[in-house]
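Engineer: Sequence first, then the predicted structure, then my questions.
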Amino acid sequence: MIAATWLLSLSPSASVAAFGDLDDPEDVTAERMAVDTFVVRPVGAVATVLGAVVYVVSLPFSYSGGNQQRAYEALVQDPAEHTFRRPLGDDF
């Protein structure tokens with residue numbers, strides 16, 4: 001399962017590289033939105049779900065260490081915000 005996630009994470013970078021320089025947030029094109037819709041967002045959704053699973057498994061350890069909030073933010077909140085709250089085609 002980890003290998004599949006790793007392989008999925010390789011495809012967004014290859015797809016984005018194929019479209020050239022897409023780093024300018026003012027230049028949101030249809031191609032950039034399509035890559036975001038069909039590649040980046042699904043990978044982000046998978047990362048959010050896997051992060052939630054890892055968070056639940058690590059909860060006893062992070063709770064005993066007192067950093068359960070940081071673990072939640074890193075494993076669940078950040079991927080979810082990147083996937084669901086950012087404008088389409090921006091900042092990926």
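Structural biologist: Thanks, I have the structure now. Numbering: from 1, shown residues only.
Engineer: May I see the buried residues of the strand or helix carrying Glu31?
Structural biologist: Taking DSSP states H and E as the definition, Glu31 sits inside helix 30-35. The neighbour-count check on helix 30-35 (16 or more other C-beta atoms under 10 Å) flags Arg32, Val35 as buried. All C-beta spots, glycine's among them, are computed from the backbone N, C-alpha and C.
Engineer: Low-confidence ranges, the chain, go.
Structural biologist: Low-confidence segments of the chain (pLDDT under 70): 1-26.
Engineer: Which residue is most remote from the mean position of it?
Structural biologist: Residue farthest from the centre of the chain, counting by C-alpha atoms, centre = their mean, is Ser64 at 27.3 Å.
Engineer: list the buried ones in the helix or strand it falls within?
Structural biologist: Here Ser64 sits within helix 41-65, counting by DSSP H and E. Buried residues in helix 41-65, counted by 16+ other C-beta under 10 Å: Arg41, Val43, Gly44, Val46, Ala47, Thr48, Leu50, Gly51, Tyr55, Ser58, Ser62.
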